[in-house]
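# Structure, please.
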Amino acid sequence: MPPNLTITPLFNDSSAQIQGLILPIQQIEFNVPITLEGQPDLLDVEAFYHRTGGGFWGAKSADELVGTIGMIATGHHACAIRKMFVKKEYRGKELGIAALLLNTLLIDCRAKGITEVYLSTVDVLKAAHRFYERIGFERRESEEMPAYFPRMPSDNVYYHLHLNA
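Model (predicted):
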């Protein structure tokens, strides 16, 4: 684990850092054709995540934001995971940052009585698929996702995890 790593809730005052982490990973590293304008949640994390009853967390090494994860509470004892990204230099099982971020979110889910966790991603993020499946997420077809699941136009791979209460 990197020195001084902390997982902490992020709010609108961290928007520039959040965008500075996520957009280059999406656009440059993985060539996902998505813009800031197509992701209004990055402009107002408080409205899209915290006010839904969800949350938005960041992994910081010293003062540098190196990872993020967001949860949108959707009702129905369910949530959608969004914006799970870790800076390339901080990825991997050895550092475990993605697992720490996800564990933080799942602890919050259990505290809030959320038992159904959904997420969507894009097909090019193969390492992310392996990570989710190793944790216990099961792949779903788009048609199997509940109607209340908030969809992102660029996403084409779907997952579900049932949490025991």
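
# how about the strands in this protein?
Counting by DSSP state E, the chain has these strands, from start to end: 5-9, 55-61, 64-75, 78-86, 116-121, 138-140, 157-162.

# and residue 46, which of those is closest to it?
Nearest to residue 46, of all those, is strand 55-61, at 8.2 Å by C-beta to C-beta. From N, CA and C alone the C-beta is placed, and that goes for glycine too.

# Test my guess that residue 137 contacts residue 121.
No: under the criterion of C-beta atoms under 8 Å, residue 137 makes no contact with residue 121, lying 10.3 Å away.

# Which neighbours do those two have in common?
Shared contacts of residue 137 and residue 121, defined by C-beta atoms under 8 Å, 6 or more residues apart in numbering, comprise residue 159.

# just to revisit the earlier point, with mean neighbour count as new columns, can the strands of the chain be given to me in TSV?
Shown next, in TSV, are the strands of the chain (neighbours: other C-beta atoms under 10 Å):
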stretch	mean neighbour count
strand 5-9	14
strand 55-61	23
strand 64-75	22
strand 78-86	24
strand 116-121	21
strand 138-140	14
strand 157-162	18
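
# do you know which of those lies nearest residue 151?
strand 116-121 (6.8 Å).

# Residues contacting that closest one, please?
74, 76-82, 84, 106, 109, 128-129, 132, 137, 145-146, 149, 151-152, 155-163.

# As CSV, the strands of the chain with distance to residue 19 and mean pLDDT would be great.
As requested, those are exported to CSV (distance: least, C-beta to C-beta, whole Å; pLDDT from 0 to 100):
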stretch, distance to residue 19, mean pLDDT
strand 5-9, 17, 96
strand 55-61, 12, 97
strand 64-75, 10, 97
strand 78-86, 10, 97
strand 116-121, 19, 97
strand 138-140, 29, 98
strand 157-162, 23, 98
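
# Indicate which one of these is closest to residue 21.
strand 64-75 (5.2 Å).

# I'd like to know which elements that closest one is packed against.
Under the contact definition 3 or more C-beta pairs under 8 Å, 6 or more residues apart in numbering; DSSP states H and E, strand 64-75 sits against helix 15-24, helix 45-48, strand 55-61, strand 78-86, helix 97-111.

# would TSV of the ones you listed with distance to residue 141 be doable?
Shown next, in TSV, are the helices and strands packed on strand 64-75 (distance: least, C-beta to C-beta, whole Å):
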stretch	distance to residue 141
helix 15-24	26
helix 45-48	26
strand 55-61	28
strand 78-86	16
helix 97-111	23
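
# Good, we can wrap up now.
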